[in-house]
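**Q** Prediction below, plus the sequence it came from.
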Amino acid sequence: MSENLVQVRSLTKEYKRGAERLVVLDKLDLDVRKGDFVALMGPSGSGKTTLLNLIGGIDRPNSGSVEVSGQRIDQLSDRALAHWRARHVGFIFQMFNLLPVLSAERNVELPLLLTNMGGAERRKRARTALSLVGLADRVSHKPAQLSGGQEQRVGIARAIVTDPELLLCDEPTGDLDRKAGDEILELLVALNDSQGKTIIMVTHDPHAAERAKRTVHLDKGRLEMVAAA
């Protein structure tokens, strides 16, 4: 059996809204094996993005544990967590989150600025990542000169440039038409199959979820069911 890359136990996350206590995740357990591709589905407000942020170390739980690659990330200091995140996780967003004044190459290079890597090696890594997503001829283009699908490819290149173990995707096809979305899904499947990346993808789209190896359903902060894709 494959080893778990992500292990979540009794995870609880709540927020206060005035005097009201809003429980977003309620003692949730989840295992994600190395090399898995999981689609995370559920209605709005079910806790999908919150769970993604907790697994990626962007947010912290009120209680419970989050272990990624044997590391209890919920116990790390803010500084240690930032360094861990830069090494181990790549984030892919619905809105791309590219800096409009920078070229594709410079946008992809950004995560490497947190390392001790020299400028020449950073540029080489960025160009390699852009080639991997099919944009070797767009390295100098700024986001406004790219289509939505190409912008998301730049976002994926930025996510993989540090060679992370885990890719966390929040509605990666949500702002794309079906053709561009299918191309992004094909790229994610290839990264999972040929590069061995473990992927957790939040999506509302059953068509997108079909490309994953299995689907996890959340409802009202609880794991509803796990289905094979």
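**A** Right, received. Where do you want to start?

**Q** where exactly do the strands run in the protein?
**A** Secondary structure of the chain by DSSP state E: the strands cover 4-17, 20-33, 37-41, 63-68, 71-72, 89-93, 166-170, 198-202, 214-219, 222-228.

**Q** Make TSV out of these and add mean pLDDT and distance to Leu185.
**A** Using the backbone N, CA and C atoms, a C-beta is placed for each residue, glycine as well. Shown next, in TSV, are the strands of the chain (pLDDT from 0 to 100; distance: least, C-beta to C-beta, whole Å):
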stretch	mean pLDDT	distance to Leu185
strand 4-17	92	21
strand 20-33	90	19
strand 37-41	96	10
strand 63-68	95	24
strand 71-72	93	29
strand 89-93	93	12
strand 166-170	96	10
strand 198-202	97	9
strand 214-219	92	14
strand 222-228	66	18
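
**Q** Would you reformat the ones you listed as TSV and include distance to Gly56?
**A** Output for the strands of the chain, formatted as TSV (distance: least, C-beta to C-beta, whole Å):
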stretch	distance to Gly56
strand 4-17	10
strand 20-33	12
strand 37-41	12
strand 63-68	9
strand 71-72	13
strand 89-93	5
strand 166-170	5
strand 198-202	9
strand 214-219	16
strand 222-228	18
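
**Q** mind putting those strands in TSV, distance to Ser140 and mean neighbour count included?
**A** Shown next, in TSV, are the strands of the chain (distance: least, C-beta to C-beta, whole Å; neighbours: other C-beta atoms under 10 Å):
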stretch	distance to Ser140	mean neighbour count
strand 4-17	36	16
strand 20-33	37	16
strand 37-41	32	24
strand 63-68	35	18
strand 71-72	38	13
strand 89-93	22	21
strand 166-170	26	24
strand 198-202	29	25
strand 214-219	39	19
strand 222-228	43	13
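
**Q** between these, which one is nearest to Pro143?
**A** Closest to Pro143 of these is strand 89-93 (C-beta to C-beta; 13.1 Å).

**Q** and that closest one, what does it pack onto?
**A** helix 148-160, strand 166-170 (3 or more C-beta pairs under 8 Å, 6 or more residues apart in numbering; DSSP states H and E).

**Q** now the longest one, how far from the chain's geometric center?
**A** For helix 148-160, the distance from its own C-alpha centre to the chain's C-alpha centre is 12 Å (C-alpha atoms, centre = their mean, to the nearest Å).

**Q** got JSON lines for the helices and strands packed on strand 89-93, with distance to Leu130 too?
**A** Formatted as JSON lines, the helices and strands packed on strand 89-93 follow (distance: least, C-beta to C-beta, whole Å):
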{"stretch": "helix 148-160", "distance to Leu130": "5"}
{"stretch": "strand 166-170", "distance to Leu130": "16"}
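
**Q** Of all these, which one is nearest Leu51?
**A** Nearest of those (C-beta to C-beta): strand 166-170, 9.8 Å.

**Q** Out of the strands of the chain, which is closest to Ala144?
**A** Taking C-beta to C-beta, strand 89-93 is the member of these nearest to Ala144, at 17.7 Å.

**Q** What are the contacting residues of the closest one?
**A** Contacts with strand 89-93, where a contact means C-beta atoms under 8 Å, 6 or more residues apart in numbering, come from 56-57, 68, 111, 152, 155-156, 158-162, 164-172.

**Q** residues near Glu183, how many?
**A** Neighbour count for Glu183, taken as other C-beta atoms under 10 Å: 18.
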